[in-house]
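Visitor: Okay, predicted coordinates and the sequence, questions at the end:
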Amino acid sequence: MNSIRLLRSLPTRQWRSFSRCTVLHQEVAEAINPLTIPPPEGVDKPVSPKIEKIVSEITTLNLLEVSELSQVLKKRLNLPDAPVMPMGGFAGVVAPPQEEEEATPKAVKTSFTVKMTKFDDKQKVALIKEVKSLLEGYNLVQAKKFVESVPTVVKADISKDEAEKLKEALTKVGAVIEID
């Protein structure tokens with residue numbers, strides 16, 4: 001009773017600070033509450049009543065209502081359409097017979113990439129001249145920068161014969177070449 005009289009006699013400015021203090025006191029008290037210990041792995045986690053209510057309502061829906069709910073959720077949440085799985089998951093997929101796999105020819109690689117991994121410093125000038133002559137549109141400065149930027153791709157998507165010729169020409173002048 002005395003506390004109510006005290007509160008009535010407080011000026012407005014003090015009343016505001018008093019109410020702020022009580023709010024802060026409540027927030028601190030909520031923060032101090034001990035943390036909840038998570039349940040062990042074998043035990044189901046407790047579910048909030050709100051989620052439990054939603055789950056119970058969804059389980060009472062018929063198939064048409066579930067479909068409609070799914071469409072509405074996809075629109076609201078901007079979800080893409082997922083592919084429909086057959087009943088039973090992947091059980092309906094039949095493994096192809098072994099004979100067909102043996103009958104199909106293996107894919108033959110038709111395009112190759114020539115990479116220069118390193119070069120001999122003593123033959124750097126010769127290598128620069130060779131790169132200038134082998135690669136179209138390169139002048140001496142561009143060829144020098146190209147050689148100094150090792151490891152680098154010399155040419156990509158070329159035939160096996162052309163890749164072998166490039167490798168032979170560049171290895172003669174001290175480059176280490178890999179063909180992928």
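Guide: Perfect, I can see it now. Residues are numbered from 1 along each chain as shown.
Visitor: okay, and the helix or strand of this structure with the least pLDDT?
Guide: Sorting the helices and strands of the chain by mean pLDDT, DSSP states H and E puts helix 98-103 at the bottom, at a mean of 56.
Visitor: Note down every partner strand of whichever helix or strand comes after it and its orientation.
Guide: Once helix 98-103 ends, the next helix or strand along the chain (criterion: DSSP states H and E) is strand 112-119. Strand pairing for strand 112-119, using DSSP bridges, gives strand 152-158 (antiparallel), strand 175-179 (antiparallel).
Visitor: ok, so what distance separates residue 124 from residue 49?
Guide: Residue 124 sits 77 Å away from residue 49, going by C-beta to C-beta, to the nearest Å. The C-beta positions use only the backbone N, C-alpha and C, and glycine is treated the same way.
Visitor: more neighbours, these two?
Guide: Per other C-beta atoms under 10 Å, whichever of residue 124 and residue 49 has more neighbours is residue 124, with 16 against 8.
Visitor: quick one: what helix or strand has the nearest residue to the more buried one once chain neighbours are set aside in it?
Guide: Closest residue to residue 124 apart from its sequence neighbours, by C-beta to C-beta, 6 or more residues apart in numbering: residue 147 at 6.7 Å. Residue 147 belongs to helix 140-148 when assigned by DSSP H and E.
Visitor: Can you give the contact residues for that helix?
Guide: Where contact means C-beta atoms under 8 Å, 6 or more residues apart in numbering, the residues beyond helix 140-148 that reach it are 116, 119, 124, 127, 128, 129, 131, 132, 135, 138, 152.
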